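>>> Generate coordinates for the sequence data below:
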Amino acid sequence: MNDSIQNYVKPEPFEMELPVALNDLELLQRGKRAANISKDIAEKESALDTVKQSYKARIKELQSERERIEFEQREGVKQQLVRCERRFVYRTGEVQEVRLDTGEIMNVRPMNERERQPDLPGLGKPKPAAEDFTTPEDAGGTGDADLEDPDGDDGDPQDDGGGTDDQDDADVDESLDTSVLDAASLAQDQADSAAGRGTDGEALLPTQKR
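Next up is the predicted model:
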């Protein structure tokens, strides 16, 4: 009896991980899986860097806000936009920067070359060209000649193709002179007639009056 017990073997199944040889298909599958895992890791690391940068920027903003609040609390003042004015004092050649709420002069500096030119009405405008004020005398004429001869002719027959225009002007002047003389003679006759004189200036008899 004792011999039979000693020779008896009781099996008890269990599992444990042990090296097992891979076939060709398993080797190929594992190669593809390793590549996909590497790609996934790279994407996650990139996303992690982006998140880190975002959080770092946000942390800096919070730190800056905290420093500003602590400064305002400590000094009792705050930073904000204030209306100011830059004043150019030409008497002293200085530029003053003044805050308008309190009138305080914050900064003073010397003017530069451009700022030394005052921007006042009537200054800095270009003068009219010299030809705009040219007179007939400046152009070499007498003034009357230009009025009498609007065409600019100087009386030289060679300049106007033989003097035809000058001859026409002379005829017109003579006709005007004749008309003026006739009008003057008629006016004198009327005046003599009213005064009881003849055309030769002698007194008319009562029977000779017109």
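>>> Next, count neighbours for M16.
For M16, the tally of surrounding residues (other CB atoms under 10 Å) stands at 4. No exception for glycine: its C-beta is placed from N, CA and C like everyone else's.
>>> distance of it from N23?
Between M16 and N23 the computed distance is 22 Å (CB to CB, to the nearest Å).
>>> Equivalent analysis for L62, please.
According to CB to CB, L62 stands 58 Å off from N23.
>>> and these two? which has more neighbours close in?
In this view L62 and N23 are compared by other CB under 10 Å, and L62 has more residues nearby, 10 against 7.
>>> For stretch 91-99, which outside residues touch it?
82-89, 104-111, 115-116 (CB atoms under 8 Å, 6 or more residues apart in numbering).
>>> from the residues you listed, which ones fall inside strands?
Using DSSP state E, the subset of the contacts of stretch 91-99 located in strands is 84-89, 105-110.
>>> Nearest to K44 among those residues?
C84 (52.5 Å; CB to CB).
>>> Tell me, how many residues neighbour the closest one?
13.
>>> With adjacent residues omitted, what lies nearest to it?
R99 (5.1 Å; CB to CB, 6 or more residues apart in numbering).
>>> what residue ranges in the protein score low on pLDDT?
Scanning the chain for pLDDT under 70 picks out the ranges 1-3, 119-210.
>>> which residues in it form helices?
2-7, 24-75, 144-148, 164-195 (DSSP state H).
>>> and the longest one, what does it pack onto?
Translated: helix 24-75. Helices and strands touching helix 24-75, as assessed by 3 or more CB pairs under 8 Å, 6 or more residues apart in numbering; DSSP states H and E, are absent.
>>> about what we covered before: for ChimeraX, what selects the buried ones among the contacts of stretch 91-99?
Buried residues within the contacts of stretch 91-99, by 16 or more other CB atoms under 10 Å, are selected in ChimeraX with:
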select :115
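>>> Next, count neighbours for R99.
13.
>>> which parts of stretch 51-61 are buried?
Taking 16+ other CB under 10 Å as the criterion, stretch 51-61 shows none as buried.
>>> Take that stretch, keep the C-alpha atoms, and write them as CSV.
Only the C-alpha atoms of stretch 51-61 are listed here, as CSV (Å, rounded to 0.1, in the frame of the first residue of the first chain):
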residue,chain,number,x,y,z
VAL,A,51,-0.9,71.8,-23.6
LYS,A,52,2.2,72.6,-21.6
GLN,A,53,2.8,75.8,-23.6
SER,A,54,-0.8,76.9,-23.2
TYR,A,55,-0.7,76.4,-19.5
LYS,A,56,2.7,78.1,-19.2
ALA,A,57,1.3,81.2,-21.0
ARG,A,58,-1.7,81.2,-18.8
ILE,A,59,0.4,80.9,-15.7
LYS,A,60,2.5,83.9,-16.8
GLU,A,61,-0.6,86.0,-17.4
